[in-house]
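Enquirer: 3D model of this:
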Amino acid sequence: GRKPANPAFWWVSDEGEEVKWSFEELGSLSRKAANVLSEACGLQKGDRVIAVLPRVPEWWLLNVACMRAGIVFIPGTSQLTAKDVSYRLQASKAKCIITNHTLAPAVESVLPGSQFLRSKLLVGQGSRGGWLNLQELL
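Expert: Here you go, the predicted model:
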């Protein structure tokens, strides 16, 4: 008999929630996410994206999607202060920022000073004014 394929991605939260993606699923999801970044967010090869997220499955998905699209992925931890985010936005000339509902208020506080930013992408359920939602776009 054949043994089942090993997952390409296996994530377990502190609460025991699991997300498993096969290689086929990861490939399909990363292509869709790359399209979201290119089309909905208007990013092109060489553009920079800052992700201020805890290590949720979407963090890895977006990392792979950026590689597919030739977009530079700049990771940021959820421990960054507003001042840290502001510095990274200006120094990198990032055109897109990605975060979740919890971190969005701190990120939004520094966005008016960012002259290069074109799009804001939210990870998780729900909506927020002026933000695109990754789950809805996928």
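
Enquirer: any weak-confidence spans in this protein?
Expert: The model of the chain has pLDDT under 70 over residues 1, 3-4.

Enquirer: residues near V123, how many?
Expert: 24 (other CB atoms under 10 Å). To be clear about C-beta, it is placed using only N, CA and C from the backbone, and glycine gets the same treatment.

Enquirer: S114 touches R88, doesn't it?
Expert: No. With contact defined as CB atoms under 8 Å, S114 does not count as touching R88 (9.9 Å).

Enquirer: Next, work out how far apart D84 and V19 are.
Expert: According to CB to CB, to the nearest Å, D84 stands 28 Å off from V19.

Enquirer: next one: I98
Expert: For I98 relative to V19 (CB to CB), the value is 18 Å.

Enquirer: more neighbours, these two?
Expert: Using other CB under 10 Å as the criterion, I98 and V19 rank with I98 on top: 29 against 15.

Enquirer: so that one sits in a strand?
Expert: Yes. The assignment for I98, made by DSSP: H, G, I helix; E, B strand; the rest coil, places it in a strand.

Enquirer: okay, and the common contacts of S114 and R88?
Expert: Both S114 and R88 are in contact with A94, where contact means CB atoms under 8 Å, 6 or more residues apart in numbering.

Enquirer: Can you show me the strands along the protein?
Expert: Secondary structure of the chain (DSSP state E): strands located at 9-12, 18-21, 48-52, 72-76, 96-100, 119-123, 132-133.

Enquirer: Spit out the contact partners of the residue lying closest to S109 once chain neighbours are set aside.
Expert: Using CB to CB, 6 or more residues apart in numbering and skipping residues adjacent in sequence, the residue nearest S109 is A82, 5.0 Å away. Taking CB under 8 Å, 6+ apart, we find A82 in contact with A106, V107, S109, V110.

Enquirer: Could you report the neighbour count for L132?
Expert: With neighbours defined by other CB under 10 Å, the count for L132 comes to 17.

Enquirer: how near is it to S119?
Expert: Separation of L132 from S119 (CB to CB) stands at 6 Å.
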